[in-house]
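Novice: just a sequence and a predicted model for now, questions to come.
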There are 2 protein chains.
Amino acid sequence: MLTYTKFIQTNPFPILVSMTHYQIFRNIQKHISLTEAEKQHIISQCDVLDIQKKQRILEQGKLCKKLYFVESGSLRAFNLSAEGKESTIMFAVKDWWITDMNSFVNQKPALLSIEALEPCQIISLDFHVLEQHYQFIPKLERFFRIIFQNAYIREQLRALQSISLTTEERYRQFVENYPAIVEKVTQKQIASYLGVTPEFLSSVKKK
Amino acid sequence: MLTYTKFIQTNPFPILVSMTHYQIFRNIQKHISLTEAEKQHIISQCDVLDIQKKQRILEQGKLCKKLYFVESGSLRAFNLSAEGKESTIMFAVKDWWITDMNSFVNQKPALLSIEALEPCQIISLDFHVLEQHYQFIPKLERFFRIIFQNAYIREQLRALQSISLTTEERYRQFVENYPAIVEKVTQKQIASYLGVTPEFLSSVKKK
DNA sequence: CGTCTATTTGAATGTACTCAAAAGCGGTGG
DNA sequence: CCACCGCTTTTGAGTACATTCAAATAGACG
């Protein structure tokens, strides 16, 4: 059986460089603490990617094998219906995690495409690597328990707002709750997140 | 510091009875395995409650201190707006977990009330007890990581459907995905889950 | 500067809500 | 066992919200 100690043994290089310049570790260490060795272990199994505006890191219909963390930049996850209508499911800015979670976890075809809204630096974690991390560094179960717990709370609040508030109220809430996102995205994209047409959102704003 | 071993030492009674008759352990053991001692430990810190139809286990505006598991029966979590409109956020049938997660986790006033749709047997876990369980039985971090992961996936799918599908399509999806719930609830409650009026849902069904 | 896309505006149409009233249904007490 | 009560469901008319389509305007980008 693989153990964490074994990893250390198989890594012949002394650990010299602090990993704290990676936003991902500041993110993880909001909830758990990691040793330098653990950070080294994790980062050694990740890909750090620089992507351009409009570049896609996931294409609807394909299998999603990666979980992404946004070091810098911003992205958008959306579904394209048979009738050609885009529905934005989430935005991700610096310090957020993003993927098609259903596809990633259950290895089913993705309902979502994910594309960069601007040049981004992202860190990608492979599904199988993450499963191994859960074994080597069980604290990560706790970390992702907290991450998913918060994600669930956010989505449930979104569901409540989407069935109980008017479009105007939901737009206000969005602007209030996610000012960092509002700066980066077009009104058309916000409309597709709220589930209304861009024309209608425009007329709502006029008031 | 408290340890799991210490718990065993402080429990002077031999463990004689299997806990497998509790649905909650069958639920937990879908994802992790528990020893009889661990089950005994968990159940000793829970309350097993029998509640009547229409009885509320959480009142909107109050703090939610408990996480509930449904052994039998069914419940509904809903928000009542200032204008008197009810929005059903979730239903819970046998083998489901339910609470106002935001209130439970962040100790904020509940947005939701939770009430029984029929006589229920439920198991209640206190917030602080659960936090201790995470220490004693770290496997539970994994269990709830998976639970929240699935809850997040479900809610995200719901968000997508709510912004991309027509009311008719969403009704069909609901009936298809949750046949066990459809049996237990009124059409008015389904309407409040879909975010439409009962009158409109009635007219949609007629077609 | 020109092209492409986003945003605004308006008219016509369709979707969903409000309000009111009737019909259906389940539980309870006489 | 039946009659009544309260709640749910249905139905319909009138209104408000949101979409579609088309065209004009404004912005972003090479």
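Specialist: Structure received. What you are looking at is a predicted structure, and each value in this text was computed from that prediction instead of being measured.

Novice: got the residues of chain A near DNA strand C?
Specialist: A:T186, A:Q187, A:K188, A:P198, A:E199, A:L201, A:S202, A:S203, A:K205, A:K206 (CB under 7 Å from any atom of the strand). The way it works is simple: take the backbone N, C-alpha and C, and place the C-beta from them, glycine included.

Novice: so which of these are in helices?
Specialist: A:Q187, A:K188, A:P198, A:E199, A:L201, A:S202, A:S203, A:K205, A:K206 (DSSP state H).

Novice: which bits of chain A sit near chain B?
Specialist: A:79, A:81, A:85, A:87, A:89-90, A:101-102, A:105-106, A:111, A:134, A:138, A:141-142, A:144-145, A:148-153, A:155-160, A:162-164, A:192-195 (CB under 8 Å from any CB of the partner chain).

Novice: show the buried residues in the residues you listed.
Specialist: A:79, A:87, A:89-90, A:101-102, A:105, A:111, A:134, A:141-142, A:144-145, A:148-153, A:155-160, A:162-164, A:192-195 (16 or more other CB atoms under 10 Å in any protein chain shown).

Novice: what about A:C46, neighbour count?
Specialist: 19 (other CB atoms under 10 Å in any protein chain shown).

Novice: so the closest residue to it other than its chain neighbours, which of the three states?
Specialist: Closest residue to A:C46 apart from its sequence neighbours, by CB to CB, 6 or more residues apart in numbering or on different chains: A:I123 at 5.1 Å. Each residue gets one of three states, and A:I123 gets strand by DSSP: H, G, I helix; E, B strand; the rest coil.

Novice: show me what A:I123 is bridged to.
Specialist: Beta-bridge pairing of A:I123, defined through DSSP bridges, involves A:V48, A:F69.

Novice: show the contacting residues for it.
Specialist: Under the criterion of CB atoms under 8 Å, 6 or more residues apart in numbering or on different chains, the neighbours of A:I123 are A:Y22, A:I24, A:C46, A:D47, A:V48, A:L49, A:Y68, A:F69, A:E71.

Novice: in what helix or strand does the second one lie?
Specialist: In this assignment (DSSP states H and E), A:I24 forms part of helix A:23-28.

Novice: list the buried ones in that helix?
Specialist: A:Q23, A:I24, A:F25, A:N27, A:I28.

Novice: the third one touches A:S33, doesn't it?
Specialist: Read that as A:F25. No: under the criterion of CB atoms under 8 Å, A:F25 is not in contact with A:S33, lying 10.1 Å apart.
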